[in-house]
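J.: here are the coordinates; sequence isn't available:
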């Protein structure tokens with residue numbers, strides 16, 4: 001009799017959580033807020049990342065159930081940022097920051113007019129012997145696409161082995177900004193081929209960069225006590241790329257979508273006491289190199305040994321083409337459970353498997369022995385690490401289904 005009642009209660013709670021765990025309007029509002037100009041791309045200029053953490057904290061406080069606890073985890077880390085950007089001109093053409101060019105934030109400040117030395121397969125050997133200390137070199141796609149030159153070209157782009165004033169990587173795609181906290185002694189740029197004027201001879205550039213060795217930042221942490229001391233952890237990074245002049249990299253898909261999803265899950269699990277204790281961790285410094293999650297693993301606010309499973313949510317703005325689960329080939333039992341739930345409920349058209357990878361905030365936990373998945377979605381979104389990664393370019397096509405799949409998974413673990 002007891003077992004039958006327990007089973008009925010379990011089914012009721014599972015259906016209850018599923019019914020309330022799908023506030024897509026709240027998710028849209030959260031994504032829109034985090035992507036607004038107020039948060040400056042959640043980067044390291046104009047206190048963008050700090051403002052974002054304050055917003056997340058306020059949402060946790062607003063939606064708590066009196067038994068949940070939440071706090072900041074403060075620490076310092078090195079960051080690089082471009083703090084002042086003037087016009088960039090190729091000959092007589094002024095390029096638009098973000099869309100038509102990017103400067104990597106760890107570049108050395110630069111102000112002046114410099115010659116452009118175009119490098120392609122026809123003159124590559126000749127270029128290797130030139131003095132380029134006062135020139136910007138361009139790396140043509142004929143070089144980057146040549147597998148026999150891959151190592152040499154990558155060393156020029158990433159290490160500036162030719163000792164040029166600046167290195168311009170010409171790409172046949174949208175711009176893709178990155179973060180880095182290791183300053184370099186040259187200017188590192190990326191320009192799409194369609195933006196680069198034919199027969200360009202000179203570049204005029206003016207910007208100031210800044211290296212902050214001990215930037216004050218913080219993770220955001222919340223926990224809801226459950227019937228069991230075993231912990232299910234939901235994680236997402238809230239930082240993004242920041243700004244470049246007038247261009248704002250607001251990061252709707254990466255990763256306002258993941259933050260919105262686990263804030264929604266927090267609201268859901270605050271409604272009734274959950275089966276497991278549930279932790280929610282929002283990381284800073286992911287774009288720099290998983291800094292926030294690594295700090296948490298090194299200074300845990302909960303015993304890592306109590307984490308039964310961790311679900312890292314990063315890039316969840318679509319889903320109509322399914323989801324991919326990193327570590328699914330490692331933790332096959334948990335993957336099969338997720339797959340079975342999906343087949344029964346027909347939430348998603350496809351769940352793709354993927355092996356272990358150190359490409360998001362699950363990695364420090366996984367490397368510390370914590371069972372974990374990193375889940376990301378496929379479908380309609382804006383371009384990666386680009387100013388066009390905006391809320392308007394997200395489909396959120398299977399948002400509700402992904403949330404309900406996660407709730408079912410937690411309840412059946």
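T.: Nice, thanks for sending it over. Just so we're clear, the structure is a prediction, and the values are computed from it rather than from any experiment. Numbering: from 1, shown residues only.

J.: Next one: the residue most central in space within the chain from residue 53, what distance?
T.: Note on the chain: the residue nearest the mean C-alpha position is residue 254, at 4.4 Å, using Cα atoms, centre = their mean. Here residue 254 is placed at a distance of 17 Å from residue 53 (Cβ to Cβ, to the nearest Å). (Each C-beta comes from the backbone N, C-alpha and C, glycine too.)

J.: For the closest residue to the residue nearest to the centre of the chain other than its chain neighbours, give me the pLDDT.
T.: Nearest residue to residue 254, sequence neighbours excluded (Cβ to Cβ, 6 or more residues apart in numbering): residue 315, at 5.3 Å. Looking at residue 315, its pLDDT is 98.

J.: Give the helix, strand or coil label for residue 406.
T.: Using DSSP: H, G, I helix; E, B strand; the rest coil, the structure places residue 406 in helix.

J.: what's the helix or strand harbouring residue 344 in contact with?
T.: Using DSSP states H and E, residue 344 falls within helix 332-345. By Cβ atoms under 8 Å, 6 or more residues apart in numbering, the surrounding residues in contact with helix 332-345 are 309, 325, 328-329, 347-348, 351, 353, 371, 373, 404-405, 408-409, 412-413.

J.: Mind checking which of those are buried?
T.: 309, 325, 328, 347-348, 351, 371, 373, 404-405, 408-409 (16 or more other Cβ atoms under 10 Å).

J.: between the residues you listed, which is nearest residue 119?
T.: residue 325 (41.2 Å; Cβ to Cβ).

J.: so what pLDDT did the closest one get?
T.: At residue 325, the model reports a pLDDT of 98.

J.: which residues touch it?
T.: Residues near residue 325 by Cβ under 8 Å, 6+ apart: 335, 338, 351-354, 373-375.

J.: The helix or strand hosting residue 308 pairs with which strands, parallel or anti?
T.: Following DSSP H and E, one finds residue 308 within strand 307-313. If you go by DSSP bridges, strand 307-313 pairs up with strand 228-237 (parallel), strand 372-377 (parallel).

J.: Would you mind putting those strands into JSON lines with distance to residue 179 alongside?
T.: Output for these, formatted as JSON lines (distance: least, Cβ to Cβ, whole Å):
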{"stretch": "strand 228-237", "distance to residue 179": "11"}
{"stretch": "strand 372-377", "distance to residue 179": "19"}
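
J.: Pick the most buried one from these.
T.: Comparing the strands paired with strand 307-313 by mean neighbour count (mean count of other Cβ atoms under 10 Å), strand 372-377 ranks first with a mean of 26.

J.: that older thread, which among the contacts of residue 325 gets closest to residue 175?
T.: Checking the contacts of residue 325 against residue 175 by Cβ to Cβ gives residue 374 as the nearest, at 25.2 Å.

J.: what sits against the closest one?
T.: 312, 314, 325-327, 357, 359-363.

J.: care to break the chain down by domain?
T.: For the chain, automatic domain parsing gives the domain ranges 12-80+213-412, 81-209.

J.: Of the contacts of helix 332-345, which pair is most distant in space?
T.: Using Cβ to Cβ, the pair of the contacts of helix 332-345 lying farthest apart is 329 and 404, separated by 24.4 Å.

J.: What strand or helix carries residue 27?
T.: Here residue 27, judged by DSSP H and E, is contained in helix 24-34.

J.: which of the domains of the chain sits most buried?
T.: Scoring the domains of the chain by mean neighbour count under mean count of other Cβ under 10 Å gives domain 12-80+213-412 as the most buried, with a mean of 20.

J.: right, and residue 312 touches residue 358 too?
T.: No. Between residue 312 and residue 358 there is no contact under Cβ atoms under 8 Å: 11.8 Å.

J.: next helix or strand past the helix or strand hosting residue 102?
T.: Element membership of residue 102 [criterion: DSSP H and E] is strand 102-103. Later in the chain than strand 102-103, the nearest helix or strand by DSSP H and E is strand 110-119.

J.: Who are the packing partners of that next one?
T.: When contacts are defined as 3 or more Cβ pairs under 8 Å, 6 or more residues apart in numbering; DSSP states H and E, strand 110-119 sits against strand 135-139, strand 166-171, strand 202-224.
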